[in-house]
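Pasting the sequence and the predicted model now:
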Amino acid sequence: MAISAAGIIFSSLNDNTLSRLTSDRTVAAIPFACRYRLIDFALSNLVHANISNISIVANYNYRSLTEHIGSGKDYDLARRESGINFISPYSTAHSSSVKLFSTRLEALRSMKEYIDEFKEDYVVLMDTDNVLNIDISDVIKTHERTGAKITIVTKTIDKAFSAKRPRMMISSVAGKISDIAMSDTYTERNNELSLGIMVTTTIYLRKLIEEAQAHNLNSLTSLLLRNFKNENYRTYNYKGYVATVTSFLDYYKHSIELAKNEEARASLLWRKEAPIFTRVHNSSPVVYKSTAKVEGSIIADDCVIEGTVIDSVIFRGVKIEKGAVVRNSVLFHGTYVGKNASLNCIVTDKDVHISDGVSLSGNENMPFYVQKRRKV
Amino acid sequence: MYCKKECIAMLLAGGQGSRLYDLTKQTAKPAVTFGGKYKIIDFPLSNCINSGIDTVGVLTQYQPLALNEYIGNGASWDLDRTRGGLSVLPPYQGYKGSDWYKGTANAIYQNINFIKQYNPDYVLILSGDHIYRMDYSLMLEEHKRTGAACTVATITVPMEEASRFGICNTNKDNSIYEFEEKPKNPKNNQASMGIYIFTTKVLLEYLEADEKDESSSNDFGKNIIPNLLNNGEKLFAYKFDGYWKDVGTISSLWEANMDLIGDDPVLSMMDESFRIYSKNMARAPQYLGPKSTVTSSLVCEGCRINGTVINSVLSGGVIIEEGAIVKDSVIMEDVVIKAGAKVYTAIVDSDAVIEAGAIVGKDNVGKDGITVIAKGKVIKVADAAKN
């Protein structure tokens, strides 16, 4: 039987640790991998599981996000029934102050009446700062088969990581969650990192929201911590590639990894049965001139390449002039690199102009960021 | 439902394009790939939407499956509309019987009721055979200004090629006094582009009359236009001077693709003020590996290149393995060129596979020595020797 599930995407959690990239956009709208924004991965994962009732929770700074998603047509989500629905904080006739959602639970509480109307059996909750291309229908099937109350998708970590904020680390015994800890370092015991994807039944989600209300809990994490010992909460261990973007450095490293690492590209971008959808721009194919020299890079449409590009990620509409050399860099939409300019370990935001002969260099552990529309 | 439109377009997309041989065996000519990510039909359809024409009938007949699938509901060109939009018009069975489209004029005749439901003042007749960017609204303005019954778009062609076209002989004010279909001794080089704007009333009248004439071959160039002239109707030429190319032959299709590349290309797809729209395939960004060389080429989304690409146009999803060389060639969707294979001066249709070490085509032979590899064909080392 076909799976009947709804999706809820939290688009603006954890904005604060990505300061530069999120100064005027939400996490979900951060450009990634040449032609996508982070939310494209969450949306495509849901669409490939035939989920068409998708709520996007957005706090603020969501203009670029709504523009990007539009009617949902490019994701095949412009439907008569359901489709995409934006949930944002609102004021009422009786209370003019708007309180932003600071946790997933606050958002869920505010949309409780809407969730009460869901006809779908299951709900998939997703964040957008874990970028992966996962078969969600298999997660739901596994959830169904194991009889879990909640299934959390995790990735086993085998080495230390430095996160800008505490991450949910889990340990499990034969799939059943045996411990949950909020931690910013790796421990051997809790070595499964939560990927921010949670599956449950609509009925159980409603019950959780009511329980939180009754006990005055304000985060999903505190609910999980309260219940996991007595309930069948389970993990779904994901083996593919994940880019977890908690900091600017994470963002940079994962971007360059896509240019350098075949496995990362294959897992995230090249799954034949699961292409990533994004907004369409009707751009021209890439034009390579006679002096172009490109090694180990991924490049989006509408670019004109006359110079040299090595180990880099080039977004739409970038122009690289003759004699320019771009290495280990991420150039956002509309970046212009003038003649004989040289960039190394640089991230340029949208529409940056690098003049002829300018040389900029960062370090792979401290890449240099050039803000939107800046002329250098 | 009554829905009046000032001008609607009728796009003749049923032609076989027999001179494209293998490329149109399974596909109608308008659905042939051009410039990497485009199909020939993207050009007239994009021209329509860029000219403010939002109602287009697409007349199909020959091998319509790929074309129908590509066109869909017209959404790619913003032509999925509640009022008007794009309609595919195949031949159909009627009360009195059924008929294939016998000629260009007969195809429009059979769809007179489609035209009538929009009650347009003008009808634009287009074909799906050419590569060009044109603002039809300027031609319509001219048609209204002159008060013509019919306006024919013309382009200057080299005198020695004029006898392959329908030639318009005009007075100083661009009014046409004579129309010669493929004349042996052309009097000038103003060739009809096969683009006509008719005042609807005149069009319907002449289509009805043409249908009754049993000796007619039901063709616009051969019958309708000469009949209008013979009856003293006002015909004007509208001179177009942009890029225009008939891509009806292997060599012209290859040449038009080559026009897109080089340091100063004749034709550019980058013009943001006049975008050519095409269907989005949601492919990944292109990847050029550490050992790749790509120069003077056009490359689309989804390509993965580890070999050498020179002077070529690559459609989406093409894979070129290490050590492979592609030169002066047009490679269509999802072709795989394996390690060490070499492709020179060729058009390789979609889904073909050139096996490791195979050699296709000859180097430096130009437009008269083009090798064509059919859709889905697998070329092994032994086959390649025969090419």
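Now that the structure is in, tell me what you want to look at.

Just the CA atoms of the helix or strand harbouring residue A:249, as CSV, please.
Secondary-structure assignment from DSSP states H and E places residue A:249 in helix A:248-260. Below are the C-alpha coordinates for helix A:248-260, written out as CSV (Å, rounded to 0.1, in the frame of the first residue of the first chain):
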residue,chain,number,x,y,z
PHE,A,248,30.8,28.8,8.0
LEU,A,249,33.8,26.5,8.1
ASP,A,250,31.6,23.4,7.8
TYR,A,251,29.8,25.0,4.9
TYR,A,252,33.1,25.7,3.1
LYS,A,253,34.6,22.3,3.7
HIS,A,254,31.6,20.4,2.5
SER,A,255,31.3,22.6,-0.6
ILE,A,256,34.9,21.9,-1.6
GLU,A,257,34.4,18.2,-0.7
LEU,A,258,31.8,18.0,-3.4
ALA,A,259,34.3,19.2,-6.0
LYS,A,260,37.0,16.8,-4.7
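
Show me what it is packed up against.
Judged by 3 or more CB pairs under 8 Å, 6 or more residues apart in numbering or on different chains; DSSP states H and E, the packing partners of helix A:248-260 are strand A:31-32, strand A:243-244, helix A:262-268, strand A:297-299, strand A:313-314, strand A:330-331, strand A:346-348. Where you see a C-beta, it was placed from the backbone N, CA and C, and this is true even at glycine.

got CSV for these, with mean pLDDT too?
Formatted as CSV, the helices and strands packed on helix A:248-260 follow (pLDDT from 0 to 100):
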stretch, mean pLDDT
strand A:31-32, 95
strand A:243-244, 92
helix A:262-268, 96
strand A:297-299, 98
strand A:313-314, 98
strand A:330-331, 98
strand A:346-348, 96
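
where does residue 107 land in three-state SS?
No chain in the question, so chain A it is. Residue A:107 carries the three-state label helix when classified by DSSP: H, G, I helix; E, B strand; the rest coil.

what sits up against stretch A:255-262?
A:32-33, A:243, A:264-265, A:268-269, A:296-298, A:311-313, A:328, A:330, A:347, A:364 (CB atoms under 8 Å, 6 or more residues apart in numbering or on different chains).

Please repeat the previous calculation with a cut-off of 6 Å.
Under the criterion CB atoms under 6 Å, 6 or more residues apart in numbering or on different chains, residues A:33, A:264, A:265, A:296, A:297, A:298, A:311, A:312, A:313, A:328, A:330 lie in contact with stretch A:255-262.

Residue A:151 - that's part of a strand, no?
Yes - with three-state DSSP as the criterion, residue A:151 is part of a strand.

Residue A:199 is in contact with that one, correct?
Yes - counting by CB atoms under 6 Å, residue A:151 does reach residue A:199; the two are 4.5 Å apart.

what is in contact with these two at once?
Here residue A:151 and residue A:199 share the contacting residues residue A:143, scored by CB under 6 Å, 6+ apart.

And what about the residue of the stretch 101-250 of chain A found nearest chain B, helix, strand or coil?
Chain B sits closest to residue A:133 of the stretch 101-250 of chain A, with a gap of 10.4 Å, by CB to the nearest CB. At residue A:133 the chain is in coil, as set by three-state DSSP.

helix or strand right after the lengthiest strand in chain B?
Secondary structure of chain B per DSSP state E: the longest strand is strand B:190-199. Counting by DSSP H and E, the element after strand B:190-199 in chain order, helix or strand, is helix B:200-212.

helices or strands up against that next one?
Contact here means 3 or more CB pairs under 6 Å, 6 or more residues apart in numbering or on different chains; DSSP states H and E; on that basis helix B:200-212 packs against helix B:104-109.

what does the helix it packs on rub up against?
For helix B:104-109, the surrounding residues in contact (CB under 6 Å, 6+ apart) are B:10, B:12, B:59, B:101, B:207, B:210, B:211, B:218, B:219, B:220, B:224.

And residue B:153, how close does it get to residue B:51?
According to CB to CB, to the nearest Å, residue B:153 stands 12 Å off from residue B:51.

More neighbours: the two, which one.
Neighbour count, other CB atoms under 10 Å in any protein chain shown: between residue B:153 and residue B:51, residue B:153 has more, with 24 against 19.

Single out whichever of the contacts of helix B:104-109 has the smallest pLDDT.
pLDDT across the contacts of helix B:104-109 is at its lowest for residue B:101, which sits at 86.

Pretty sure that residue sits against residue B:61.
Yes - between residue B:101 and residue B:61 there is a contact under CB under 6 Å: 5.2 Å.

shared neighbours of these two, which are they?
residue B:14.

These two: which has the busier surroundings?
residue B:101 (23 against 18).

Please name the nearest non-neighbouring residue to the more buried one.
residue B:107 (3.8 Å; CB to CB, 6 or more residues apart in numbering or on different chains).

burial measure for the one you found, as a count.
Burial measure for residue B:107: 25 neighbouring residues, criterion other CB under 10 Å.

do you know how far it is from chain A?
29 Å (CB to the nearest CB, to the nearest Å).

Just the CA atoms of stretch A:152-169, as CSV, please.
This file holds the C-alpha atoms of stretch A:152-169, laid out as CSV (Å, rounded to 0.1, in the frame of the first residue of the first chain):
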residue,chain,number,x,y,z
ILE,A,152,15.2,9.3,14.3
VAL,A,153,17.7,9.1,11.4
THR,A,154,21.3,9.0,12.6
LYS,A,155,24.8,8.8,11.2
THR,A,156,27.4,6.9,13.1
ILE,A,157,30.4,9.1,13.7
ASP,A,158,33.8,7.6,14.3
LYS,A,159,35.9,10.6,15.0
ALA,A,160,35.8,13.8,17.0
PHE,A,161,34.0,16.7,15.5
SER,A,162,33.8,20.3,16.5
ALA,A,163,30.4,21.7,16.4
LYS,A,164,29.5,25.3,16.9
ARG,A,165,26.5,24.2,19.0
PRO,A,166,25.5,21.1,20.9
ARG,A,167,24.3,18.2,18.7
MET,A,168,21.9,15.4,19.6
MET,A,169,24.1,12.3,20.1
